[in-house]
Structures are given as C-alpha cells and as structure tokens.
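Peer 1: No letters, just coordinates:
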C-alpha cells in the first residue's frame, strides 16, 4: 500500500483554466490542481497534500481548507477529514496546496509537522487458513503513484510497462453478512464476518481481512438474472461491477470475469433464511394436521402455510400469528363463506424452509395433502394442541366421562395409521372410526387417554378456545408458548443470468474485499477476490524446500487434502504444470528462494489432471534469492515454461507523456473494457537511495474519473 508524504514542492507550471475566470491550473510533481487565480506563481514553493491524506480538524481549521476536504469514516470507524480529488469546471484537481511555513525547504517531508496520516492503510487480520509470516516470503513491493514521483525514472531510461489488473464493485453493493442481513461494501469493517464458501462448498462465516477503495472505473457492467428458486422479495438480482470482476460459475466449477459471462450462464446466489425453531415446526405441524394448507409460489421452491377461522375466533387467529411472528405471519383478509360465516384468513411468509420441511413431504405428489410417516415420531403436546384446536372437539354428556374427537375428513386410511402411531408415542390410546355416513375418517380418545391429552395440551390453549377443554382445565389466562430464536441458515442456489450489459451513468468508486474464504456474496451473488504469491523457501536447517502461497498480505496454509489445492485461490497456481516446472527448474539451479507474484483471475478454463476445472493465473514479477530479477530474465523464464504473464503494454525509452498515453486504452487481458493503468519499472532492476526499489504505477485520468468525468463532484 502507498505511504503518505506531505512534501514541500515547486509549482512547475501555471496555466489558464479555460472554463473558470477565477481559477488557474497548477502542476506540482506530476499532479494537476485547480488553484485561485493570482495567488501562486510558477516556481513558488508550496506544501502539497496528496489525495488520501487525513488532516486533523485543528490543522484544517488553521489552514482554512475545511471546505476542500471530504469527511469519511476510516477503517477504525472514526470520522476523519480527507483530501480528495474533484472536478472543477471540467478540469481534474488532485489534492491541495498551501503556502509553506517559515523555514521549510524544497523536498522536505512535513507530514509529521501537519500531523498528516494515510486515510486507507491496509489492515492485517488473522485468517482461518493463515500461516505464520516468513521473512523469506515477503509481500510485493508497495506501488507508489508515478504522478507523485515524476522524476524517479530518468528520461530515455529503458523501461517496461505492464497492465495493472483488478476487478471491483460499486460502493452501494450489498454484502451478505453472517447471521443475516446486508451492508453496503463501503461500510464493511475489517474483522466483521460475512458469508463465504469454503473449499468443501460449505456456507461458512468468513472474516474480512482487508477493504480496498480503488478509485473510479471507466466502464461498468450490469449482470442481471431471475431468482427463480426463491419466492419472496425481489424476483430479480442485479449487480454492477467492473468487467474483470469474477463470478463463480457452478456448471464449470470455476470463476469467470463478468465480461466473459453470457445469457444462460449460471451463477450462485444466496438467500437469507433461518431454520425453523422447534416451536415453529410444531405449531405448523399442528396447523397442517388441522385447518392449515400449503401454498407454493409458481416456479419456485418457496411455500407458505395459510389458515382461516371464523370471526368469533379471531383471538385464536391472533394467537397463531403472534406465535409465528418470526415467520412474518399476519392476517391477510376477511371474507364471508358460502354459509354466511365471516372468516379471517392468515398466512406465514413464503419460505424455502417451509417448502423443504413440509411441502416436499405433505404434498409429495403436488396435489392432495397427506400425512408423512415422520409425523408419528415428531408429534408433541404442542403440535397436538394446535391440531386439536383446529379439528378437535370435546364430547361431553351427562352419562359419560369427557372424550376427545378429531375430524380427519381429508385423510385416508394410511394417514390415520400414522396419526394413531403418533398419539400412541405420546401414551395416548386412540381408535379410528368413520362418520355415520361412512364418508369421513374420525379419531376418538376415550376417557383415560382424553384426560391425559387435556392435561398435556391445556397450557397451550388460549381462552377463546378453552370451550374445547373440560371445565377443570379452563381458566388459564395466558397460554405458555416457549420463546425460541431462529438459527441462521442461508440457502445457496444456482440460477441463470439473462443479461450482461454495459451500465451507463454509474457514479461510484470501485470497492473490493479480501476475505478468509477468498470469496463473498455481493448483491446475493458469489464473487471472488484475488492477487497471490507462490513459491518456495529452502531454509538452511531443512532437507527440502518449503512450498508457500499467500495473498497480498497473508501467508496461507497448504490445504491438508492435496485434491483441494485446485479449489484454493492462493495454492491453485502450484497445481499448474507451467508453474510447477518453473519452480522445479529454479530449485535445480540452486536457488534457495523463489517467489512468483501474480493475479488469479477467471478468464478461460483449463482442465486439471483430476478432471476438475479452475481459474487461471498470470505472473507479473519474480524474486530469486531476495532480489527481483530483471524483466528480460523474468520474461525468458516464464516463456520457457509457458507461464502466462500480465500483458506487456510498452517496452522502450521512458518519457512521461508516453506512459501517460499508455495508461488509458482497452485492456489487453481480454474483453472490451478499459485498463486500470500500468505498472512501470526499469528493464534492468535498480534502487534509488531514498526511494528504494524503482517501480511505479500510473493510473490514467479516464480510469480515475470514469463516468464521473462530466460532473464536478467529489468521488465517494
């Protein structure tokens, strides 16, 4: 990650702002700024605060620059003032300048004097598969922006420029949080747990390790499809992303870039859901044995339980609705039956868990309701109470002890057998019989079993339904329904994409996350984060080299199951024949350390020896024995072993204008989208005494502003 520097600089050039009489265009280092006309002259010394600098409120007030700062939440959750970029009357302005204090000299870094800090430093967090750091397995060089160091490379010096690759999402993209709900990606905090998929395909909590704001994009795509398997909520899904953001395609077992997705391709989506609590399951079972019915949405795996009772029993309807409030049960309408009785209808929400638990067994043939065999083992006093309140009745006469009757009009003999078995498991002896006209089945509990049943169910009977109980069991004012909390149970399904189109007028920064599982759900769709390093280290006390892999910030443990390496983002390059051959060759030539830095991406699919399909990998640098190799050597080694490399954009003499021109343009990685920028370094490696390794990134204006270019707005 870039460091922060507040440097005393010289205004190199001052030009007229063609669209603003009160402004001028000043060039400091390689950056352009809009400044008040007449305040500065070419050659003046100024203090330059680059974009991304955090300024204290006291300093901002003293310098009178508060109006030019953006208030944002930093990675610790604090609200801070940040120097940002803006367009003023069509001209970009990067950062701000102020007059230097007395005694400040050209080239002096005065960040400490102004208490300036970096707005967005990467934050290291421990991942579930993290391994201990190894000093011989270093992170890649921090890339500073060439605009801040325009003279670090000498004019005419032989350089190479390669394409910078990354894929991101808009700041409003909703991330699925572990435990349910969503949060916009720009509000996600490092250390929070979101939903991910592990290498076994299991839905698991995944810790956020890093969050990245990567500036604006020149082009956005909109990937859309239909949630055909989920019946509640919006029936469609949509996500805005850069063309190179990666989506998991289950039919191919790999990630692919958005630009390479087509209609009818499939992606994985997540639906927030909760497993039924025991109480909910028992109440729904009782309702379905009674007056309840199952209603499935068309072309979906989602179902609701609906029930109705006469107006006189509205208190009972309210009691059922309150008991099922976690399933969003509510009264839906009032109507009059064909017999003139006023009826109150109610329903739960449409839910996949109701579909899976009840619809698939109660309506296995898709038509008539039938009692599944598992009911015999699951019937409890609670479900029995709701069944009795719906379809039971008290048989009371002067000459007989109280008995209990159940009307089972729609159940066939096989159903009755299961119900009798369930009652018997509760210690209740029941008999079946038919109605006088022999059209309908009935169940009867005689006095001993009836009294036992009334004792079991009476705590759950509200006052309005206590007329069905013997007198001695009446009088309870508030029935006891145990309070339980649903357990989070996200549901994953494969669905079709129906369109991938270019999106216009998208005003957003590009955001991305690094997570423990290397993936996450954005707008309910499984996507992927990448960037890795692989190689080996041969410690002096070891007989064999240690193979290593990691993300940009963390070393990752090798999967215990070797067959899982192909599914692990950071270890999968080790499965490529090309990479294995390169590393083996370097070991043969006596190297004690080799680290190949690159990007994992989803374009193209290659077969693995186990018949699986996977992602691809492109290398961009190589370290041997603690030194980065010269580009010609890197290129020759990769070519010899057929290791794919990031595209080479330019190879020639350095001129800032040439690099600026190559920073814009179409990506060479594939697909019709603009490149992020270029990474520039000398063909022959060299270090600067003050700067260190000479390697810089240059991000073009089109990429920084993208669709925001026509608006005078602050990038959020």
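Peer 2: It's in. Please read all numbers here as calculations on a predicted model, not as lab measurements. Residues are numbered from 1 along each chain as shown.

Peer 1: what about the residue nearest to the spatial centre of the chain, which helix or strand?
Peer 2: With distances taken as CA atoms, centre = their mean, the residue of the chain nearest its centroid is residue 521 (3.0 Å). Using DSSP states H and E, the element containing residue 521 is strand 519-522.

Peer 1: same question, residue 416
Peer 2: Per DSSP H and E: helix 413-425 holds residue 416.

Peer 1: Following element in sequence after that helix, please.
Peer 2: By DSSP H and E, the next helix or strand past helix 413-425 is strand 430-434.

Peer 1: helices or strands up against that following strand?
Peer 2: helix 413-425, strand 441-445 (3 or more CB pairs under 8 Å, 6 or more residues apart in numbering; DSSP states H and E). (Each C-beta comes from the backbone N, C-alpha and C, glycine too.)

Peer 1: Can you say which of these is nearest to residue 633?
Peer 2: Across the helices and strands packed on strand 430-434, residue 633 has its closest neighbour in helix 413-425 (75.9 Å, CB to CB).

Peer 1: where do the helices sit along the stretch 301-450 of the chain?
Peer 2: 314-323, 352-354, 360-362, 375-378, 381-391, 413-425, 447-457 (DSSP state H, counting those that start in this stretch).

Peer 1: Deepest-packed of those, please.
Peer 2: Stretch with highest mean neighbour count among the helices of the stretch 301-450 of the chain: helix 381-391 (a mean of 24; mean count of other CB atoms under 10 Å).

Peer 1: Centre of the chain to that one, how far?
Peer 2: 42 Å (CA atoms, centre = their mean, to the nearest Å).

Peer 1: contacting residues for the residue lying farthest from the centre of the chain?
Peer 2: Computed with CA atoms, centre = their mean, the residue of the chain farthest from its C-alpha average is residue 399, at 68.8 Å. Residue 399 sits next to no residue when contact means CB atoms under 8 Å, 6 or more residues apart in numbering.

Peer 1: next one: the one 4 residues further on
Peer 2: If you count contacts by CB under 8 Å, 6+ apart, residue 403 has them with 394-395, 444-447, 450.

Peer 1: can you list the residues you listed in CSV and add distance to residue 80 and pLDDT?
Peer 2: As requested, those are exported to CSV (distance: CB to CB, whole Å; pLDDT from 0 to 100):
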residue, distance to residue 80, pLDDT
394, 70, 94
395, 75, 91
444, 75, 95
445, 71, 95
446, 77, 93
447, 77, 90
450, 72, 95
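
Peer 1: among those residues, which two are most distant?
Peer 2: The widest separation within the contacts of residue 403 (CB to CB) is 13.1 Å, between 394 and 446.

Peer 1: ok, so of the contacts of residue 403, who is nearest residue 374?
Peer 2: residue 445 (22.1 Å).

Peer 1: Could you report the neighbour count for the closest one?
Peer 2: Other residues near residue 445 come to 24 when the count uses other CB atoms under 10 Å.

Peer 1: That one against residue 404, yeah?
Peer 2: Yes - with contact defined as CB atoms under 8 Å, residue 445 and residue 404 form a contacting pair (4.4 Å).

Peer 1: so residue 44 makes contact with residue 8?
Peer 2: No - look at residue 44 against residue 8 with CB under 8 Å: they stay out of range, at 10.8 Å.

Peer 1: all helices for the stretch 451-600 of the chain, in order.
Peer 2: Using DSSP H, counting those that start in this stretch, helices in the stretch 451-600 of the chain cover 577-588.

Peer 1: Show the low-confidence segments of it, by residue range.
Peer 2: Residue ranges of the stretch 451-600 of the chain with pLDDT under 70: 478, 486-491, 509-510, 528-530, 540-541, 567.

Peer 1: out of everything not next to it in sequence, what's closest to residue 650?
Peer 2: In space, and not counting its chain neighbours, residue 650 is closest to residue 161: 4.0 Å by CB to CB, 6 or more residues apart in numbering.

Peer 1: How about residue 434?
Peer 2: residue 441 (6.0 Å).

Peer 1: Equivalent analysis for residue 376, please.
Peer 2: Per CB to CB, 6+ apart, closest to residue 376 is residue 421, 3.9 Å.

Peer 1: And residue 633, by the same measure?
Peer 2: Nearest one to residue 633, counting by CB to CB, 6+ apart, is residue 622 at 7.9 Å.

Peer 1: what's the distance between the one you found and residue 577?
Peer 2: Distance, residue 622 to residue 577, using CB to CB, to the nearest Å: 18 Å.

Peer 1: Please identify which of these two sits among more neighbours.
Peer 2: residue 622 (24 against 13).

Peer 1: Work out for me the element that one sits within.
Peer 2: strand 616-624.

Peer 1: would you turn the contacts of residue 403 into a markdown table with distance to residue 416?
Peer 2: Shown next, in a markdown table, are those (distance: CB to CB, whole Å):
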| residue | distance to residue 416 |
| --- | --- |
| 394 | 21 |
| 395 | 18 |
| 444 | 12 |
| 445 | 14 |
| 446 | 17 |
| 447 | 21 |
| 450 | 18 |
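
Peer 1: With respect to residue 262, which of these is nearest?
Peer 2: Nearest to residue 262 among these, with distances taken as CB to CB, is residue 445, at 62.6 Å.

Peer 1: Any idea what that closest one is bridged to?
Peer 2: Residue 445 has these beta-bridge partners by DSSP bridges: residue 404, residue 430.

Peer 1: try residue 53
Peer 2: Residue 53 has these beta-bridge partners by DSSP bridges: residue 118.

Peer 1: and it, how far is that from residue 685?
Peer 2: In terms of CB to CB, residue 53 sits 30 Å off from residue 685.

Peer 1: show me where the stretch 101-250 of the chain has helices.
Peer 2: Going by DSSP H, counting those that start in this stretch, the stretch 101-250 of the chain shows no helices.

Peer 1: Next, the contact list for the residue nearest to residue 633, please.
Peer 2: Applying CB under 8 Å, 6+ apart, the residues contacting residue 622 are 594-597, 628-629, 633-634, 637-638.
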